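Engineer: let's see this in three dimensions:
(chains A and B)
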Amino acid sequence: DAKTTQPPSMDCAEGRAANLPCNHSTISGNEYVYWYRQIHSQGPQYIIHGLKNNETNEMASLIITEDRKSSTLILPHATLRDTAVYYCIGLSPPSGTYKYIFGTGTRLKVLA
Amino acid sequence: DGGITQSPKYLFRKEGQNVTLSCEQNLNHDAMYWYRQDPGQGLRLIYYSQIVNDFQKGDIAEGYSVSREKKESFPLTVTSAQKNPTAFYLCASSRDRAGGELFFGEGSRLTVL
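Structural biologist: From the prediction side, this is the model:
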């Protein structure tokens, strides 16, 4: 599974787009990128995942660079409730072992 | 409603006592996981199970034990051998061994006095 690197913290003004970067330079060709977030003292919540193409759902958009070495999670109109720790994870398809390695993530603070 | 239930939510124990944390899921998921989280830190994998009657050590398995006798249940025992057991423990599941979205419980906060 790819090691991912994220900035430890970011601030974003309420109503603006929050762009959270993730570096995964060791990612392999069949490895998915997953994003989760964790609001204080709760279990992490799935946001979105992708392989090569950009993805969008009701929560966020995921932009993956063409070389797949990095990605950006975009929250288009951040609200105070989006204040959380965001985790980027690389995950391989079946090879017998799934370990879902979480790093320390990015602590996003949305400011009023 | 389908989901993952962890109990108890808060637990206090004396040093040297074994403690068992419960994790039950009614999502019919094959794979289940236990993570530990310390203040200000990310999640670290303790154990995971991809199928009934089988489980694998994660990165920090020492001082912990698990069982997977039923598909819906994956209890974690924190033994007296775990040197620093005070932490937030999270249980998760995924649909199958092929990975996919992880579903988490609300966590159990263990404090050892």
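
Engineer: helix, strand, or coil at B:Ser65?
Structural biologist: strand (DSSP: H, G, I helix; E, B strand; the rest coil).

Engineer: thought it was touching B:Thr77?
Structural biologist: Yes - applying C-beta atoms under 8 Å, one finds B:Ser65 in contact with B:Thr77, separated by 4.7 Å. For every residue, glycine as well, the C-beta is placed using N, CA and C.

Engineer: these two: who's more crowded?
Structural biologist: B:Ser65 (17 against 14; other C-beta atoms under 10 Å in any protein chain shown).

Engineer: I'd like to know how far the more buried one sits from B:Gly58.
Structural biologist: Distance, B:Ser65 to B:Gly58, using C-beta to C-beta, to the nearest Å: 13 Å.

Engineer: pLDDT weak spots in chain A?
Structural biologist: By pLDDT under 70, the low-scoring segments of chain A are A:1-2, A:92-99.

Engineer: quick one: the strands in it?
Structural biologist: Ranges of strands within chain A are A:9-13, A:18-23, A:32-38, A:45-50, A:55-56, A:61-64, A:70-75, A:84-91, A:106-111, based on DSSP state E.

Engineer: how about chain B?
Structural biologist: B:4-7, B:10-13, B:19-25, B:31-37, B:43-51, B:54-57, B:64-66, B:76-78, B:87-96, B:99-104, B:108-112.

Engineer: output these in TSV; the columns should cover mean pLDDT.
Structural biologist: Output for those, formatted as TSV (pLDDT from 0 to 100):
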stretch	mean pLDDT
strand B:4-7	96
strand B:10-13	93
strand B:19-25	97
strand B:31-37	93
strand B:43-51	91
strand B:54-57	92
strand B:64-66	97
strand B:76-78	97
strand B:87-96	91
strand B:99-104	82
strand B:108-112	95
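
Engineer: now the strands of chain A as CSV including mean neighbour count?
Structural biologist: Converted to CSV, those look like this (neighbours: other C-beta atoms under 10 Å in any protein chain shown):
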stretch, mean neighbour count
strand A:9-13, 13
strand A:18-23, 20
strand A:32-38, 23
strand A:45-50, 18
strand A:55-56, 15
strand A:61-64, 19
strand A:70-75, 20
strand A:84-91, 23
strand A:106-111, 17
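
Engineer: out of these, which gets nearest to B:Gln37?
Structural biologist: strand A:32-38 (8.5 Å; C-beta to C-beta).

Engineer: how far off strand B:99-104 does the closest one point, in degrees?
Structural biologist: On the basis of axes from the mean of the first three to the mean of the last three C-alpha atoms, to 10 degrees, strand A:32-38 is oriented at 10 degrees to strand B:99-104.

Engineer: chain neighbours aside, what residue packs nearest to A:Leu20?
Structural biologist: Nearest non-adjacent residue to A:Leu20, counting by C-beta to C-beta, 6 or more residues apart in numbering or on different chains: A:Leu73, 4.4 Å away.
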